[in-house]
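Novice: here is my input; please provide its structure:
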Amino acid sequence: MERKISKTRIEKRMRQKTDTKLVDTIIKLKKKNPEVAKALAMPKKKQAEVNLDKISGVSGDVLVVGKILSSGDLSKAKKIVAWSASEKAKEKIKEVRGEFVLIADEVKKNPELNGLEIVK
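Specialist: Residues are numbered from 1 along each chain as shown. All right, here's what the predicted structure looks like:
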């Protein structure tokens, strides 16, 4: 069972962040999707690093709160939303005609991040 985190706790974690784009994204997500806001507010060492082979096992569109790495291959075109991705991972996503979107850009279009499955 995962422990819930208060909005105040998220704010305390945000004070340590220097990336303004990241802070703005956390503020937008704090009310709409606190689970993702909590994961983004975590220290970078604790954020997820997910390989493409793990993503290919998931059906539907995917949200990775962290970085996508290039180990493995995608079998189908998917929309993958993440904070960042390696250059090789981006190339492999384009090869299968998938779509890579940054979390900050997706929050503008879809503030609640509906229709995305979180992969850790």
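Novice: for the helix ranked longest in the chain, the distance to its chain's centre please.
Specialist: Assignment by DSSP state H gives helix 20-32 as the longest helix of the chain. Relative to its chain's centre, helix 20-32 lies at 12 Å (C-alpha atoms, centre = their mean, to the nearest Å).
Novice: same check, this time on stretch 22-42
Specialist: Per C-alpha atoms, centre = their mean, the centroid offset for stretch 22-42 relative to its chain is 10 Å.
Novice: over to stretch 44-51?
Specialist: For stretch 44-51, the separation from the chain centroid amounts to 10 Å (computed by C-alpha atoms, centre = their mean).
Novice: what is the end-to-end distance of that stretch?
Specialist: One end of stretch 44-51 sits 17 Å from the other (C-alpha to C-alpha, to the nearest Å).
Novice: what do you get for stretch 98-107?
Specialist: 19 Å.
Novice: buried ones in it?
Specialist: 98, 100-101, 103-104, 106-107 (16 or more other C-beta atoms under 10 Å). Just so you know, the C-beta spots here come from the backbone N, C-alpha and C atoms, and that holds for glycine as well.
Novice: what's the mean pLDDT across that stretch?
Specialist: If you average the pLDDT over stretch 98-107, you get 94.
Novice: one more: stretch 21-28?
Specialist: Mean predicted lDDT for stretch 21-28 stands at 87.
Novice: same check on stretch 66-76?
Specialist: For stretch 66-76, mean pLDDT is 92.
Novice: again, but for stretch 37-55
Specialist: Computed over stretch 37-55, the mean pLDDT rounds to 89.
Novice: from the middle of its chain, how far away would it be?
Specialist: Centroid separation for stretch 37-55 versus its chain: 7 Å, with C-alpha atoms, centre = their mean.
Novice: distance between the ends of it?
Specialist: 21 Å.
Novice: now the residue nearest in space to the middle of the chain: phi and psi?
Specialist: Centroid check for the chain by C-alpha atoms, centre = their mean gives residue 65 as the closest residue, at 2.8 Å. Dihedral angles phi and psi of residue 65 (degrees, to the nearest 10) take the values phi -90, psi 80.
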